[in-house]
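S.K.: sequence first, then the predicted structure:
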Amino acid sequence: MAKIYSKEKLPKRIEGYSIYPLNDDVIIRANSGFTSDGVKNDPKYELTRHNASEFGRVSSLCKIMRLSLMGILPKNSGRGVSNLLVKKMKSVVFSDRRSLRGNRRLCKAFLNEMALREMIGYDFNPNYSLPHVLKKNFTLNGLGCLILNDLNFADSFLFPEKSNCIGIRLHHLDFDFVTGESSLSSSGWLFFEKDSTITDFIIDLAYPAALKGVLFSLAELQFFVFEDGFVPLVDDVGKIVTVLGCSNTLKVQA
């Protein structure tokens, strides 16, 4: 690297060198690394191009999936929710064992039982998740309804200041990883006081009659304040959205 001086305005680049100011001096140094043209055309970056194409498709589908869950996912953790979901789906796409690297697809990955199992228990909020010891207290029956069993809310959850109750909803999201189309059905809110205990409580929401893609069954938990009515906390960073079930076929049991 050389130091140069000039009273005239210098160009930013001269052939294979870059020129830039540094304090009161001007620095010139040889270009290094890779160029955008090289990444697009150089054979040694072929793997990089494949990875970029594959993960670009994954990221696009994750964005569509988040939009389909608008109003359910926490707003105050938006960037974290986005990054965590992309990271998870990048892991899931490896379950597509039939396609070559760079051409793997989530729609094919979810044909694999391993990918479906990997999503069960996934928490969308990186800042607040359903405690692992409580996952057994949130179960789906054969019809798709949520059963809450042996829950003491004060002992089970860390309630934010001013919150005195918790609301729970159940959702079934049918998401097509080929087209990006989705269908969402949701139960109403069920509210429980902080000091309450429940056993064998059912939130009724049956599975959809038909399935076009992958079915995600989600539990949504949010903290509320009850005064004249149930008011959600302004800061929803403590909202829990967790995957209770994931399937590519409907196995409805009476």
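M.R.: On my side now, so go ahead.
S.K.: which intervals of this protein have sub-threshold pLDDT?
M.R.: Where the chain drops to pLDDT under 70, the residues are 1-8, 10, 15, 20-27, 31-52, 250-254.
S.K.: could you pick out the longest strand of it?
M.R.: strand 214-226 (DSSP state E).
S.K.: please export the C-alpha coordinates of it as CSV.
M.R.: Backbone C-alpha positions of strand 214-226 (Å, rounded to 0.1, in the frame of the first residue of the first chain) are rendered in CSV as follows:
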residue,chain,number,x,y,z
VAL,A,214,-48.2,-28.3,5.1
LEU,A,215,-50.4,-27.9,8.1
PHE,A,216,-48.9,-26.0,11.1
SER,A,217,-50.9,-26.0,14.3
LEU,A,218,-49.9,-23.0,16.5
ALA,A,219,-50.6,-22.0,20.0
GLU,A,220,-50.5,-18.2,20.6
LEU,A,221,-50.1,-16.9,24.2
GLN,A,222,-50.2,-13.2,25.1
PHE,A,223,-50.2,-11.3,28.4
PHE,A,224,-53.2,-9.0,29.1
VAL,A,225,-54.4,-6.5,31.7
PHE,A,226,-58.0,-6.8,32.8
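S.K.: ok, then the element right after that strand?
M.R.: Moving toward the C-terminus from strand 214-226, the next helix or strand (DSSP states H and E) is strand 230-232.
S.K.: which helices and strands does the helix or strand just after that following strand pack with?
M.R.: The C-terminal neighbour of strand 230-232 among helices and strands, as given by DSSP H and E, is strand 240-247. Under the contact criterion of 3 or more CB pairs under 8 Å, 6 or more residues apart in numbering; DSSP states H and E, strand 240-247 touches helix 113-119, strand 138-140, strand 214-226. For the C-beta atoms, the positions are set from N, CA and C on the backbone; glycine is no exception.
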